[in-house]
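J.: One predicted model, sequence on top.
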Amino acid sequence: DAKTTQPNSMESNEEEPVHLPCNHSTISGTDYIHWYRQLPSQGPEYVIHGLTSNVNNRMASLAIAEDRKSSTLILHRATLRDAAVYYCILRDRSGGSNYKLTFGKGTLLTVNP
Amino acid sequence: DAGITQSPRHKVTETGTPVTLRCHQTENHRYMYWYRQDPGHGLRLIHYSYGVKDTDKGEVSDGYSVSRSKTEDFLLTLESATSSQTSVYFCAISDSPPSGRNTGELFFGEGSRLTVL
């Protein structure tokens, strides 16, 4: 499976934008880029996903590099409730065992008031 | 919120005893998963199911077995619990693999904290 690399931790201030990077240099053409986050004492939850084009939803934006070897999750205005571990995951859309989701260690985001 | 219930939510047991964790869903989703989460390791897949009586191993399956006799229930069994199996266990469900239209989003339960003394 293609791997992702994320910083172990990042810090932000409340009300400021946050850019969470993810490197996936071995990404294949059939891989979707997914982001999940895990709030304290909860199970992970889906945030956003994309293939080639940048994506926006109510939670965040996903910026994907032109060569697809990296991506950035953007929280436009961080709140204290955004403090969580953020996971960047590649999922193969071509079939086979693509229903599995393999998590790395993610990035622990701390939001300061 | 997706209808996923894990039971028990907390359990303390002794080494060598059998333990069964239950995941129950009301969403009629085809796919179900068991993960464990430990400090320094993140989330790791134990076993997963892609249909009734269809299961397969994940990356850390040793010491665990699973069963799925009904769509709604996925059981994780530790035949003889060891201290290394002290962990938080998460069940997840999804209704489809990722494709052009589907995110293949996984919905997670609240977790079951198991302590093996």
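T.: Sure, I can see it.
J.: what residues are up against residue 12?
T.: No chain was given, so I picked chain A. Residues counted as contacts of A:S12 (Cβ atoms under 8 Å, 6 or more residues apart in numbering or on different chains) are A:18, A:75, A:78, A:109-112. Any C-beta I mention is one placed from the backbone N, CA and C, and that applies to glycine too.
J.: my bad, chain B
T.: B:V12 is in contact with B:115, B:117, counting by Cβ under 8 Å, 6+ apart.
J.: quick one: pLDDT of it?
T.: We have a pLDDT of 98 for B:V12.
J.: Same question for A:L80.
T.: We note a pLDDT of 96 for A:L80 in this prediction.
J.: That one: how many residues sit nearby?
T.: With neighbours defined by other Cβ atoms under 10 Å in any protein chain shown, the count for A:L80 comes to 10.
J.: Does A:E15 touch A:L75 like I think?
T.: No: using Cβ atoms under 8 Å, A:E15 is not in contact with A:L75, being 10.8 Å away.
J.: now the residue in chain B that chain A sits nearest to, which residues is it bridged with?
T.: Using Cβ to the nearest Cβ, the closest approach of chain B to chain A is made by B:F108 at 2.8 Å. Going by DSSP bridges, B:F108 is paired in beta bridges with B:A92.
J.: Identify the residues contacting it.
T.: Applying Cβ under 8 Å, 6+ apart, the residues near B:F108 are A:42-45, B:4, B:90-92.
J.: mind redoing it with 6 Å?
T.: By Cβ atoms under 6 Å, 6 or more residues apart in numbering or on different chains, B:F108 lies in contact with A:43-44, B:90, B:92.
J.: Find the residue at the geometric middle of chain B.
T.: Per Cα atoms, centre = their mean, the C-alpha nearest to the average position across chain B is that of B:W34, at 2.2 Å.
J.: remind me which residues of chain B are low pLDDT?
T.: Scanning chain B for pLDDT under 70 picks out B:1-2, B:97-102.
J.: Can you pull the phi and psi angles for B:S84?
T.: phi -70, psi -10 (degrees, to the nearest 10).
J.: Next, count neighbours for it.
T.: 11.
J.: Then the one 4 residues further on?
T.: Burial of B:V88, expressed as a neighbour count using other Cβ under 10 Å, amounts to 18.
J.: Give me the residues contacting the helix or strand that contains it.
T.: Remark: B:V88 resides in strand B:87-94, with elements defined by DSSP states H and E. Strand B:87-94 is contacted from outside by A:43, B:6, B:21, B:23, B:25, B:29, B:31-38, B:104, B:106-109, B:111-113, using Cβ under 6 Å, 6+ apart.
J.: Give me the buried entries from those residues.
T.: A:43, B:6, B:21, B:23, B:25, B:29, B:31-37, B:104, B:106-109, B:111-112 (16 or more other Cβ atoms under 10 Å in any protein chain shown).
J.: Is there any residue in the biggest strand by length in chain B that contacts chain A?
T.: The longest strand of chain B (DSSP state E) is strand B:42-51. Yes: residues of strand B:42-51 are located near chain A by Cβ under 6 Å from any Cβ of the partner chain, namely B:42-43.
J.: Thank you kindly, that will do.
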